[in-house]
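Student: Sequence first, then the predicted structure:
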Amino acid sequence: MPMIDVTYPEGALDDDARAKLVDDLTTALLRAERAPDTDFFRSITWVYLHELPAHAVNASGKPVTEPVFRVMVTTPEGALSDRRRAEMVENGTAAVLEAAGLAKEDSMRVWVLMREIDEGSWGAAGQVVQFKRLVEAAKAEREQAGSGSAEVVGDPVAAG
């Protein structure tokens, strides 16, 4: 049940770039979590786009003249190791740069913030969602697909 919030000034992305960015960020987060890239796991990976009026994004006390991006990635506690968070930061930054048509040298204009929600603090469908159940669901989908992979979401042995 990861969520991504992307905030940026109006005009920074066109419609096609926004659509590609949503898909690329979803893919990057599923890969970082080692979750199956299936319809179910995509359906519970939500991306919110927050396009603010140009005057509402400021640096040095003034509206920015070049677009800047804040990507907030929210995951259940234990879903990402340090290595996997670094992977998400790298791939999330690359996705934003590509969508905005920016060069790698512009990467300081993209900030990716990672936060974890404590176990027992996620809720959906009127109930608390336990991360352990998502791990079990991921494992079941892998087995059903016949992948046989031992690495599952949140597996502490594979979290490296």
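Tutor: Yep, that arrived.
Student: Show me what counts as buried in the helix or strand of the chain with the lowest mean pLDDT.
Tutor: Every helix and strand in the chain was compared by mean pLDDT, DSSP states H and E; the lowest is helix 131-145, with a mean of 74. Residues 131, 134-135, 137-139, 141-142 are the ones in helix 131-145 that count as buried (16 or more other CB atoms under 10 Å). (Each C-beta comes from the backbone N, C-alpha and C, glycine too.)
Student: Stretch 114-127 too?
Tutor: Within stretch 114-127, the residues that count as buried by 16+ other CB under 10 Å are 114, 116-117, 122.
Student: now swap in stretch 93-103 and tell me
Tutor: For stretch 93-103, using 16+ other CB under 10 Å, the buried residues are 93, 95-97, 99-100, 102.
Student: Mind listing residues that contact stretch 18-31?
Tutor: Here stretch 18-31 makes contact (CB atoms under 8 Å, 6 or more residues apart in numbering) with 2, 4, 6, 13, 36-37, 41-42, 45, 47, 49, 71, 73, 75, 87-88, 91-92, 95-96, 98-99.
Student: In strands, which of these fall?
Tutor: Of those, the ones assigned to strands by DSSP state E are 4, 6, 47, 49, 71, 73, 75.
Student: Identify the farthest-apart pair in the residues you listed.
Tutor: Using CB to CB, the ones in strands among the contacts of stretch 18-31 reach their maximum pairwise distance at 49 and 75, which is 18.6 Å.
Student: who has more neighbours, those two?
Tutor: A count of neighbours by other CB atoms under 10 Å puts residue 75 above the other of residue 49 and residue 75, at 26 against 14.
Student: who does the more buried one bridge with?
Tutor: residue 116 (DSSP bridges).
Student: That one and residue 35 touch, don't they?
Tutor: No. Counting by CB atoms under 8 Å, residue 75 stays clear of residue 35, with 10.1 Å between them.
Student: my guess is residue 59 contacts residue 68, does it?
Tutor: Yes. Between residue 59 and residue 68 there is a contact under CB under 8 Å: 6.7 Å.
Student: Pipe the ones in strands among the contacts of stretch 18-31 into TSV and attach pLDDT and distance to residue 109 per row.
Tutor: Listed next are the ones in strands among the contacts of stretch 18-31 as TSV, based on pLDDT from 0 to 100; distance: CB to CB, whole Å:
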residue	pLDDT	distance to residue 109
4	98	18
6	98	13
47	98	19
49	98	17
71	98	11
73	98	17
75	94	24
